[in-house]
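In: pasting the sequence and the predicted coordinates here, then a few questions.
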Amino acid sequence: MKALTPSILAVVICSTFVSAPSEASSHREAPNISRFPTLDSTDFYVFNSYEQGRGDFVTLIANYIPLQDAYGGPNYFAMDPDATYSIHIDNDGDAVEDITFAFNFKSMLPNDNQGVQLTVGPEGNQRTVSVPLKNVGGVAAGDDSAANFSESYTMTMISGAQRTGETTVLNNTASNSSSFSKPLDYVGDKTFGSMSDYQTYADQFVYQVSIPNCENMAQVFVGQRKDPFVVNLGKTFDLVNYVPVEGDSAPGAGDGGGFPGGITQSADNDDLADKNVTSIAIEIPKSCIVGDGNKVIGAWTTASLPQARVLNPNAKFTNNAVNGGALTQVSRLGSPLVNELVIGIKDKDTFSTAHPKDDAQFLDYVSHPALPELLNILFKDAVNTTLDTNFETLAPTNFPRTDLITAFLTGFAGVNQQATVTPSEMLRLNTGIAATAQADQSAFGVAGNDLAGFPNGRRPGDDVVDIALRVVMGRLCHPIPVNGEDTDLGLCAPEDANTGTVPFTDGAPIDATMMDSSFPYLATPLAGSK
């Protein structure tokens, strides 16, 4: 079989993006969840903390409410008070949660939920009316008296299965109460003064939390952050209005010495550059979550609603619906891009509601993925006719796709595979592999000779779009650097993947320096007004 020429590679690379339904990590990834934006988990991160002096901790971050425009007032982006948002940890490999941290939110107005009120009108014809805005003056660290809206939440730890385990309501050690507060979204600089002033204000909402049977304190923060995910979304949906392979000899080289006509790295290619998200971030001592396994944990996030909702035809702030019935999962996210690039559209909603222990039902999507075959059906004949070649297929030829099963369902032996292996979709993190300092992290994680990165967990600076595209098209069939040496993983052979070494990219660069270096790691959100 001949080596691929640049012309063939251009066809294959472009077709990959044409066929992908979404490149945002989990932004509106399934038909049903797109109807519930406040419950839509956009990204999930699990990594060994790399803040200096925090090497004995693990950080888990679940982002919700996608595509937030910073100026999206006057109501901005409150969490759903009827929902339960959860972060789950499996520490023994049976694909059932052993620890769950569940978050429930409450929205409030001052003045006994009447809100800030003004007396309007001349004497003899006055009315007391509530103001329409969420704040009536400046808000700062230590002074939120002008706020006309607030959110609080409770944090519950469940040991064992989420529905039947032992439940402990966790306390905010600062107030010795079960109530935690969430900062107002970044309305703008007239309200908060400046970005640094907003960050000082938001820092007040990082809390110390005592975990049962845990010697050291955990930390928690819930609030708006800059969306850490990057992707060239608009041009991708416009029938791939670029050639998505690296156009420079190396990313950022600016020499045009890569693929002819290929896209080059630029922050202008990130269509989420002006978006915020809402983050639920917790940092927990490793010793308190690893259990009796091999120090590898699996984790995922879900959001659930009561099964029934009856709308109030005369809705009030405190009573717009009545909810009842069993708590029902409507959103799920572990590893990035699975529901977008792997699960078929007829089963996307099923995946959103499924439990990892039941993921055998999705095995065919991983062992015999549709995306590479679709690319072959669409483009093989055109490639062979145009270039007078005789390729039998352009897609990887190893079946079952052991490389994808390993990446998505089991983890890699010796890196992030649990002692008991239950094929299931989740992020897997080896807590025994030391964190890589922020300045030394590779955006390509394990494939970039950085064992502390994706798919060994996921850090905010890991370029999962480029990694996932390359893995789907067979990158793991070729040697990858491990501890500085090219290593054959033994999952498949180079001849199984014609495009396995192609530098697929959307041209939207990301790295760890775009984030903060301390908890909660994600950058200050963008201002609604400057």
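Out: Yes, it's here. No experiment lies behind these values; they were computed from the predicted model shown. Residues are numbered from 1 along each chain as shown.

In: my read: L429 touches G293, true?
Out: No. The pair L429 / G293 is not scored as a contact, 11.7 Å apart, by CB atoms under 8 Å. Every C-beta, even on glycine, is put in place using the N, C-alpha and C of the backbone.

In: higher neighbour count, those two?
Out: L429 (30 against 18; other CB atoms under 10 Å).

In: count of residues packed around A250?
Out: 12.

In: contact partners for it?
Out: Each residue near A250 by CB atoms under 8 Å, 6 or more residues apart in numbering is listed here: G258.

In: which element is it on?
Out: Using DSSP states H and E, A250 is not contained in any helix or strand.

In: distance of it from T499?
Out: 19 Å (CB to CB, to the nearest Å).

In: try M195
Out: Distance from M195 to T499, by CB to CB: 42 Å.

In: okay, those two: which has more neighbours?
Out: Per other CB under 10 Å, whichever of M195 and T499 has more neighbours is T499, with 23 against 16.

In: isn't that one up against M473?
Out: Yes. T499 lies in contact with M473 (CB under 8 Å); the separation is 4.8 Å.

In: D56 and N416: what is the separation?
Out: 19 Å.

In: then T318?
Out: For T318, the distance to N416 - CB to CB - is 46 Å.

In: show me where the stretch 251-400 of the chain has strands.
Out: 262-263, 275-285, 296-316, 319-333 (DSSP state E, counting those that start in this stretch).

In: could you do the stretch 401-530 of the chain as well?
Out: 427-430, 480-482, 485-487.

In: in a markdown table: the ones you listed, plus mean pLDDT and distance to H368.
Out: Converted to a markdown table, the strands of the stretch 401-530 of the chain look like this (pLDDT from 0 to 100; distance: least, CB to CB, whole Å):
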| stretch | mean pLDDT | distance to H368 |
| --- | --- | --- |
| strand 427-430 | 98 | 23 |
| strand 480-482 | 84 | 23 |
| strand 485-487 | 90 | 26 |
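
In: reformat those strands as TSV; add distance to V366.
Out: Below are those laid out as TSV (distance: least, CB to CB, whole Å):
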stretch	distance to V366
strand 427-430	15
strand 480-482	19
strand 485-487	23
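
In: just these: most buried one?
Out: strand 427-430 (a mean of 26; mean count of other CB atoms under 10 Å).

In: tell me which residue of the chain is furthest from the middle?
Out: G124 (56.5 Å; CA atoms, centre = their mean).

In: next up, phi/psi of it, please.
Out: For G124, the backbone dihedrals (degrees, to the nearest 10) come out as phi 90, psi -10.

In: likewise S159?
Out: Dihedral angles (degrees, to the nearest 10) for S159: phi -100, psi 120.

In: that one contacts F101, doesn't it?
Out: No. With contacts counted by CB under 8 Å, S159 stays clear of F101, the gap being 10.8 Å.

In: so these two - more neighbours on which side?
Out: F101 (25 against 14).

In: on the three-state scheme, that one is what?
Out: What DSSP: H, G, I helix; E, B strand; the rest coil gives for F101 is strand.

In: does it have beta-bridge partners, and which?
Out: I87, M157 (DSSP bridges).

In: for the one 5 residues further on, same thing?
Out: For K106, the beta-bridge partners are S152 (DSSP bridges).

In: who's in contact with it?
Out: P81, E151, S152, Y153.

In: switch to 10 Å and redo it
Out: With contact taken as CB atoms under 10 Å, 6 or more residues apart in numbering, K106 is in contact with M79, P81, S150, E151, S152, Y153, T154, S179, K182.

In: please tell me how far it sits from A321.
Out: The value you get for K106 to A321, if CB to CB is used, is 15 Å.

In: with S177 instead?
Out: Applying CB to CB to S177 and A321 gives a distance of 27 Å.

In: secondary structure element for the spatially most central residue of the chain?
Out: Geometric centre of the chain, nearest residue: D43, 0.9 Å, by CA atoms, centre = their mean. Assigned by DSSP H and E, D43 belongs to strand 41-48.

In: adjacent strands (with direction) for the very next helix or strand once past that strand?
Out: Once strand 41-48 ends, the next helix or strand along the chain (criterion: DSSP H and E) is strand 57-69. Strand 57-69 has its sheet partners listed here by DSSP bridges as strand 41-48 (antiparallel), strand 275-285 (antiparallel).

In: nearest to P396, of the ones you listed?
Out: strand 41-48 (26.7 Å; CB to CB).

In: pLDDT of that closest one, averaged?
Out: Summarised as a single mean, pLDDT over strand 41-48 is 96.

In: buried ones in that strand, by neighbour count?
Out: S41, T42, D43, F44, Y45, V46, F47, N48 (16 or more other CB atoms under 10 Å).

In: I figured the third one hits T301, correct?
Out: Yes. D43 lies in contact with T301 (CB atoms under 10 Å); the separation is 9.3 Å.
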